[in-house]
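Visitor: Quick one, structure for this:
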Amino acid sequence: MPALNRIADFAPEMTEWRRHLHANPELGFDCHQTAAFVVDRLREMGITEIETGIAESGIVALIEGSAPGPTIGLRADMDALPIVEETGAEHASTVPGKMHACGHDGHTTMLLGAARYLSETRNFAGRVALIFQPAEEFGGGGRVMREAGILDRYDVSEVYAIHCAPDFEAGTFHTRPGPIMAAVDEFEITVTGKGGHAAYPHTTADPVACALQIGQALNSIVSRNTDPIDNLVVSLTQIHGGSANNVIPQSVRLSGTVRSFRPAVQAMVQERIAAICTGSGVAMGCDVALDYQTDYPATVNDPDRTAFAAEVARDLAGDANVDADTAPMMGAEDFSYLLEARPGAYVFLGQGIGPFCHHPAFDFNDEVAPLGASFLARLVERASPLPG
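Guide: Just a heads-up that it's a prediction; the model follows:
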């Protein structure tokens with residue numbers, strides 16, 4: 001793959017970094033060992049301006065260029081998932097019940113590779129802010145780091161991130177202007193009725209029947225309340241209630257997720273779920289309580305920065321390997337919090353077709369890491385070229 005020559009030279013070392021990270025996964029904000037490994041590598045590169053402990057275990061490190069200029073932010077996520085690994089790899093997780101099933105080990109490695117190249121060459125103006133973030137999967141580490149003031153404190157003018165993609169051919173780049181990943185909300189509905197003997201249902205207020213009515217009605221939000229042009233997912237994923245075949249329970253709990261791209265659609269869904277809960281409760285004689293939580297906002301790429309990122313990718317990989325109008329995806333990403341505050345772009349790097357993210361057999365493809373690192377490095381050199 002067309003990686004920069006210098007990065008290709010230390011690609012074997014990048015593989016060692018990545019496999020060490022894969023074997024030692026950490027969850028959420030508790031990425032302290034991962035952060036220590038990253039800091040050790042950065043110091044070996046001669047990078048000394050390093051802030052640690054942001055959002056508990058996050059890092060921002062600065063590389064000064066060879067002339068004055070803006071600060072470009074490059075972000076990688078560090079956390080793993082609570083999954084039992086089934087890759088069978090020699091570098092498989094050594095921590096029971098935890099694994100890097102979404103490629104964050106690879107993302108961290110690619111940013112370290114770009115850091116090593118940029119710290120050696122300094123062929124750019126301004127500064128690079130290397131943002132190593134915990135808790136992308138759960139907890140919104142991107143939001144916490146933004147609220148900690150990293151963008152203002154380091155005067156970051158634009159931000160970029162890259163994510164591996166096991167549904168695209170290796171060495172291909174995929175992005176789009178505007179929304180590229182969805183906003184995610186979660187809901188929990190508690191239906192409380194009057195339990196009793198299943199042989200005498202007329203003496204009860206059956207929460208199971210009410211819950212079934214609510215579940216069926218939720219499907220109508222997409223089919224009957226949403227403009228067909230808008231992308232929307234409403235998924236009921238859990239129903240819990242009852243303890244015996246001859247007992248009508250006192251309560252039933254339902255929960256699920258909502259994925260959307262536009263705030264107006266997001267607000268409509270919340271209103272419709274609330275109305276369905278209220279109406280079903282009245283109709284079935286049950287009390288219905290809704291807990292609706294908005295989570296990560298949609299990941300929205302700046303059009304100009306996305307066009308720029310696509311051009312950098314074309315220079316590296318060729319026109320045929322860059323899709324600058326890829327279809328938006330219904331997954332969510334907390335890089336969205338940084339893109340709310342600064343212009344930038346989120347880009348997918350194909351790693352070859354294989355088990356999808358969050359699957360116990362997923363593993364990052366080390367062969368694409370030098371290309372990803374080259375892309376991040378070139379973004380900086382092209383965004384802030386040296387004068388003359």
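
Visitor: what's near enough to touch the residue most central in space within the chain?
Guide: Nearest to the geometric centre of the chain sits residue 333, at 2.9 Å (Cα atoms, centre = their mean). For residue 333, the contact set (Cβ atoms under 8 Å, 6 or more residues apart in numbering) comprises 136, 163, 181, 296, 299, 346. In this view, the C-beta of every residue, glycine as well, is placed from N, C-alpha and C.

Visitor: Spit out the contact partners of the residue lying closest to the third one once chain neighbours are set aside.
Guide: Right, residue 181. Distance criterion Cβ to Cβ, 6 or more residues apart in numbering; nearest residue to residue 181, sequence neighbours excluded, is residue 299 at 3.9 Å. By Cβ under 8 Å, 6+ apart, the contact list for residue 299 reads 179-182, 332-333, 335-336, 339, 346.

Visitor: For residue 299, give me phi and psi.
Guide: phi -90, psi 110 (degrees, to the nearest 10).

Visitor: Now the two most distant members of the contacts of residue 333.
Guide: 163 and 296 (13.9 Å; Cβ to Cβ).

Visitor: Same drill for the two, tell me which one is more crowded.
Guide: residue 163 (26 against 22; other Cβ atoms under 10 Å).

Visitor: List phi and psi for that one.
Guide: Residue torsions, per degrees, to the nearest 10, at residue 163 are phi -130, psi 130.

Visitor: before we move on, what about residue 184?
Guide: phi -130, psi 130.

Visitor: Distance-wise, check the closest residue in space to it that isn't next to it in sequence relative to residue 298.
Guide: Counting by Cβ to Cβ, 6+ apart, residue 332 is the residue found nearest to residue 184 once chain neighbours are left out, at 3.8 Å. From residue 332 across to residue 298, the span is 8 Å (Cβ to Cβ, to the nearest Å).

Visitor: which residues are common contacts for the two?
Guide: Going by Cβ under 8 Å, 6+ apart, residues that sit against residue 332 and also against residue 298 are 181-183.

Visitor: residues making contact with the lengthiest helix in the chain?
Guide: Longest helix of the chain, by residue count under DSSP state H: helix 263-284. The contact list for helix 263-284 (Cβ under 8 Å, 6+ apart) reads 183, 185, 187, 189, 191, 193, 205-206, 209-210, 213-214, 217-218, 221, 225-226, 230, 232, 234, 258, 260, 286-290, 292, 294.

Visitor: Would you mind giving me the PyMOL syntax to select the buried ones in these?
Guide: Buried subset of those, written as a PyMOL selection, criterion 16 or more other Cβ atoms under 10 Å:
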select buried, resi 183+185+187+189+191+193+205+206+209+210+213+214+217+218+221+226+232+234+258+260+286+288+290+292
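
Visitor: Same question for stretch 354-363: list its buried residues.
Guide: 357, 362-363.

Visitor: Repeat that for stretch 255-271.
Guide: So for stretch 255-271, counting by 16+ other Cβ under 10 Å, buried means 255-262, 265-266, 268-270.

Visitor: Hmm, residue 188 is touching residue 257, no?
Guide: No - using Cβ atoms under 8 Å, residue 188 is not in contact with residue 257, being 10.7 Å away.

Visitor: Ramachandran angles for the residue at the greatest distance from the centre of the chain?
Guide: What lies farthest from the middle of the chain is residue 200; by Cα atoms, centre = their mean that is 49.4 Å. Main-chain torsions, residue 200, degrees, to the nearest 10: phi -130, psi 60.

Visitor: What separation do you get for it and residue 247?
Guide: 11 Å.

Visitor: among the shared contacts of residue 332 and residue 298, which are in strands?
Guide: Among these, the subset assigned to strands under DSSP state E consists of 181, 183.

Visitor: Columns pLDDT and distance to residue 304 on top of the shared contacts of residue 332 and residue 298, output as a markdown table?
Guide: As requested, the shared contacts of residue 332 and residue 298 are exported to a markdown table (pLDDT from 0 to 100; distance: Cβ to Cβ, whole Å):
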| residue | pLDDT | distance to residue 304 |
| --- | --- | --- |
| 181 | 98 | 19 |
| 182 | 98 | 22 |
| 183 | 98 | 23 |
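
Visitor: which other residues reach the helix or strand hosting residue 212?
Guide: Using DSSP states H and E, residue 212 sits in helix 207-224. The contact list for helix 207-224 (Cβ under 8 Å, 6+ apart) reads 189, 191-193, 195, 232-234, 236, 239, 241-242, 248-252, 254, 256, 269, 272-273, 276-277, 280-281, 283-284, 286, 288.

Visitor: Report all helices and strands that whichever helix or strand comes after that helix contacts.
Guide: Using DSSP H and E, the next helix or strand after helix 207-224 towards the C-terminus is strand 232-241. Where contact means 3 or more Cβ pairs under 8 Å, 6 or more residues apart in numbering; DSSP states H and E, strand 232-241 is packed against helix 207-224, strand 251-260, helix 263-284.
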